[in-house]
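Trainee: please work out how this folds:
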Amino acid sequence: MITASGAVILILIGLLMGLGEVIIRSVHLIRDGIPFFESNAGGRIGPITLDQDLGWKATEHYQEALVEKTKNGTLYPVRRSQTQYGFRSFGDVSSRRPKMLVMGDSFTHATAVSDDRTYHALLSKLLDVEVFAYGAGGYGTLQEYLVFDRYLDIVRPDVILWQYCINDFINNDNELERLSRVNNNGWVRPYWRNGTIQLLSPKESSLQIRDWINRHSRFLYFVVTRLDRLRAANTRDTVEVDIEAEGMRHAGFARSVAVTDDLMGRVRARAGTRPIMAFNCTEAEPYSQAFRDISGHHAIAYWGDVAQVVQDADTRGEDVFAADGSHWNERGHELAAQALAKHFKTALPPVPRP
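Mentor: The predicted structure is shown next:
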């Protein structure tokens with residue numbers, strides 16, 4: 001039986017949650033243009049929309065103008081949009097220019113950079129190619145492959161650029177992701193397990209509770225994700241520390257490398273004879289060597305100096321990162337695009353068009 005004082009506490013909690021919901025929805029209305037009474041049951045969370053097959057995807061026809069901050073504190077305006085199918089860049093499929101399909105995660109999603117300042121938008125100008133770029137924050141290799149498989153025949157690219165990231169190995173293995181504090185967003189995602197796709201939660205908490213929060217309460221979603229970020233601040237108590245110390249001796253990492261290798265083999269099979277180029281968002285071991293090996297197994301050209309160019313600029317004191325200290329700001333994207341363009345100009349002959 002609930003006592004009078006207990007009832008008062010429950011009422012106060014309910015009122016605070018209601019007030020929090022009103023505040024968050026008001027912010028979304030003013031800042032993002034999301035209708036106040038729009039239910040999250042459709043899964044839309046700003047630039048991301050929950051999806052029953054992909055876990056989540058980039059929101060289609062999304063636009064936002066805001067002010068971002070570099071790692072060193074410089075403010076700069078950003079106008080970002082997502083177009084057809086949620087692509088950050090979706091060129092003209094009938095263009096006579098060579099077509100490049102770019103696949104990746106948050107570095108390709110590039111939410112801290114304006115549309116014309118992303119590395120793939122800059123590549124379009126530097127190489128005179130038609131670019132189609134899709135990325136979504138937190139994506140693993142399976143999600144990228146599923147998007148790639150879905151749109152390959154629509155785009156019909158001449159060349160494919162694949163953006164790896166060290167978190168792929170964590171996000172490709174449910175057990176590793178459960179042990180990670182820094183590469184775990186709490187969302188249900190598909191995993192490649194024993195040759196089949198399984199949708200699983202990367203959190204120990206109830207799958208149903210997290211899913212209900214994601215779909216129905218913007219305030220609780222805000223609270224839960226902030227708690228996740230606070231826990232992520234303790235970077236010493238996370239599986240990545242063990243992986244970086246043990247390398248391939250770490251059983252979970254070795255298992256995930258095998259899964260990633262399998263998935264990139266499927267990318268190669270689906271791409272056929274089209275050239276595939278790849279680069280890593282951050283050069284760090286043992287991840288980079290694993291990407292080199294995987295790329296070598298499937299005739300994928302791996303360019304390991306792209307991220308290093310950005311990291312070296314940071315070491316020299318250039319302001320190349322966004323406020324989170326890991327993703328690139330506009331200058332970082334510019335440096336990455338220049339490094340990629342140099343490789344493309346020497347690696348590929350001009351692609352003849354009809």
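Trainee: when you work out contacts or count neighbours from here on, use the C-alpha atoms and nothing else.
Mentor: Noted.
Trainee: residue boundaries of the helices in the protein?
Mentor: For the chain, helices defined by DSSP state H occupy the ranges 4-27, 106-109, 119-127, 141-155, 168-171, 174-179, 207-216, 218-232, 239-246, 251-271, 287-297, 306-315, 330-347.
Trainee: pipe those into CSV and attach distance to Gln63 and mean neighbour count per row.
Mentor: CSV is the format used below for the helices of the chain (distance: least, Cα to Cα, whole Å; neighbours: other Cα atoms under 10 Å):
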stretch, distance to Gln63, mean neighbour count
helix 4-27, 16, 14
helix 106-109, 13, 24
helix 119-127, 17, 21
helix 141-155, 21, 18
helix 168-171, 27, 25
helix 174-179, 31, 20
helix 207-216, 21, 16
helix 218-232, 19, 16
helix 239-246, 34, 17
helix 251-271, 30, 19
helix 287-297, 34, 19
helix 306-315, 27, 18
helix 330-347, 18, 19
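Trainee: which of those sits closest to Val67?
Mentor: Among these, helix 330-347 comes nearest to Val67, with 12.7 Å by Cα to Cα.
Trainee: quick revisit: and the helices of the chain as a markdown table, adding distance to Trp192 and mean pLDDT?
Mentor: Shown next, in a markdown table, are the helices of the chain (distance: least, Cα to Cα, whole Å; pLDDT from 0 to 100):
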| stretch | distance to Trp192 | mean pLDDT |
| --- | --- | --- |
| helix 4-27 | 35 | 70 |
| helix 106-109 | 20 | 98 |
| helix 119-127 | 28 | 97 |
| helix 141-155 | 7 | 98 |
| helix 168-171 | 10 | 98 |
| helix 174-179 | 9 | 96 |
| helix 207-216 | 19 | 59 |
| helix 218-232 | 25 | 57 |
| helix 239-246 | 20 | 96 |
| helix 251-271 | 7 | 98 |
| helix 287-297 | 16 | 98 |
| helix 306-315 | 27 | 97 |
| helix 330-347 | 30 | 96 |
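Trainee: mind checking those helices for the one nearest to Arg193?
Mentor: helix 251-271 (7.9 Å).
Trainee: show me what the closest one is packed up against.
Mentor: helix 141-155, helix 168-171, helix 174-179, helix 287-297 (3 or more Cα pairs under 8 Å, 6 or more residues apart in numbering; DSSP states H and E).
Trainee: so what touches that helix?
Mentor: Outside helix 251-271, the residues within contact range by Cα atoms under 8 Å, 6 or more residues apart in numbering are 141-142, 145, 148-149, 168-170, 172-173, 175-176, 192-193, 243, 247-248, 276, 290, 294-295, 297-299.
Trainee: switch to 7 Å and redo it
Mentor: Thr141, Leu142, Tyr145, Phe169, Asn172, Asp173, Leu176, Ile243, Met248, Ala290, Ile294, His298 (Cα atoms under 7 Å, 6 or more residues apart in numbering).
Trainee: give me the domain ranges for the protein.
Mentor: Following automatic domain parsing, the chain resolves into domains at 1-38, 40-347.
Trainee: any chance of CSV for the helices of the chain, columns distance to Lys71?
Mentor: As requested, the helices of the chain are exported to CSV (distance: least, Cα to Cα, whole Å):
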stretch, distance to Lys71
helix 4-27, 24
helix 106-109, 16
helix 119-127, 18
helix 141-155, 28
helix 168-171, 24
helix 174-179, 27
helix 207-216, 29
helix 218-232, 18
helix 239-246, 23
helix 251-271, 30
helix 287-297, 24
helix 306-315, 10
helix 330-347, 11
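Trainee: that older thread, want to throw the contacts of helix 251-271 into CSV with distance to Gln84?
Mentor: Shown next, in CSV, are these (distance: Cα to Cα, whole Å):
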residue, distance to Gln84
Thr141, 22
Leu142, 21
Tyr145, 18
Phe169, 29
Asn172, 27
Asp173, 30
Leu176, 33
Ile243, 38
Met248, 40
Ala290, 33
Ile294, 31
His298, 30
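Trainee: closest one of the residues you listed to Gln311?
Mentor: Nearest to Gln311 among those is Ala290, at 19.7 Å by Cα to Cα.
Trainee: not counting sequence-adjacent ones, nearest residue to His109?
Mentor: Taking Cα to Cα, 6 or more residues apart in numbering, and ignoring the residues beside it in sequence, His109 has Gly135 as its nearest neighbour in space, at 4.2 Å.
Trainee: who does the one you found bridge with?
Mentor: Gly135 has these beta-bridge partners by DSSP bridges: Gly104.
Trainee: got a list of what it touches?
Mentor: Counting by Cα under 7 Å, 6+ apart, the residues that Gly135 touches are Met103, Gly104, Asp105, Ser106, Thr108, His109.
Trainee: turn those into JSON lines, including distance to His327.
Mentor: Shown next, in JSON lines, are the contacts of Gly135 (distance: Cα to Cα, whole Å):
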{"residue": "Met103", "distance to His327": "16"}
{"residue": "Gly104", "distance to His327": "13"}
{"residue": "Asp105", "distance to His327": "11"}
{"residue": "Ser106", "distance to His327": "8"}
{"residue": "Thr108", "distance to His327": "10"}
{"residue": "His109", "distance to His327": "10"}
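Trainee: quick one: which of these is nearest Thr49?
Mentor: When the contacts of Gly135 are ranked by distance to Thr49 (Cα to Cα), His109 comes first, at 13.4 Å.
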